[in-house]
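Asks: What shape does this take:
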Amino acid sequence: MIITNPNRTVQLIKELVDVWDASVKATHTFIEDKDRISLRPFVEEALRVIDQLIVVYKNRKPVGFMGMEQQKVEMLFLDPVCIGQGIGKMLITKAIYEYGILYVDVNEQNPNAANFYKRAGFVVFERKELDDMGNPFPILKMRLYI
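Replies: Numbering: from 1, shown residues only. Predicted coordinates:
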């Protein structure tokens, strides 16, 4: 089940941060535990204020989410047990065709994510040495190739 812009309760935000945490542990192996822990408050705040939030549920439990603003996917994370089941593809397809998404930023050190977006039609148009918070995690800025 997919819910668009659900009621962002304290409980839902906690569950989504837990999904984010598990996903980052599994897919962002270049991020140390201390960095991941320090990012949690920023993720919580982003989930509270992002313009468009889509949550995917299985058995009444959130297993993935996508946040979007101004034609850009700002976050897309899945519970690691759900990776490879087509949920990410369904979310990015929805973002492109229903929300007019054109952009996404991807950690260069996460080649699986970069390849996922390439398969969805995105191409790299810029590389930044630091992420938006000034951390040494290079970012690939991608645009939908249309």
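
Asks: And the strands in the protein?
Replies: Counting by DSSP state E, the segments of the chain that form strands are 2-4, 52-58, 61-69, 72-78, 103-107, 122-128, 139-144.

Asks: Looking at the ones you listed, which is nearest to residue 97?
Replies: strand 139-144 (10.8 Å; CB to CB). (C-beta placed from N, C-alpha, C; glycine too.)

Asks: State the mean pLDDT of the closest one.
Replies: Average pLDDT, strand 139-144: 97.

Asks: Distance to residue 96 and mean neighbour count for the strands of the chain - can I get that in a markdown table?
Replies: Converted to a markdown table, the strands of the chain look like this (distance: least, CB to CB, whole Å; neighbours: other CB atoms under 10 Å):
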| stretch | distance to residue 96 | mean neighbour count |
| --- | --- | --- |
| strand 2-4 | 15 | 14 |
| strand 52-58 | 13 | 19 |
| strand 61-69 | 11 | 21 |
| strand 72-78 | 9 | 21 |
| strand 103-107 | 10 | 20 |
| strand 122-128 | 9 | 13 |
| strand 139-144 | 6 | 19 |
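
Asks: ok, of those strands, where does mean pLDDT dip lowest?
Replies: With a mean of 85, strand 2-4 has the lowest mean pLDDT of the strands of the chain.
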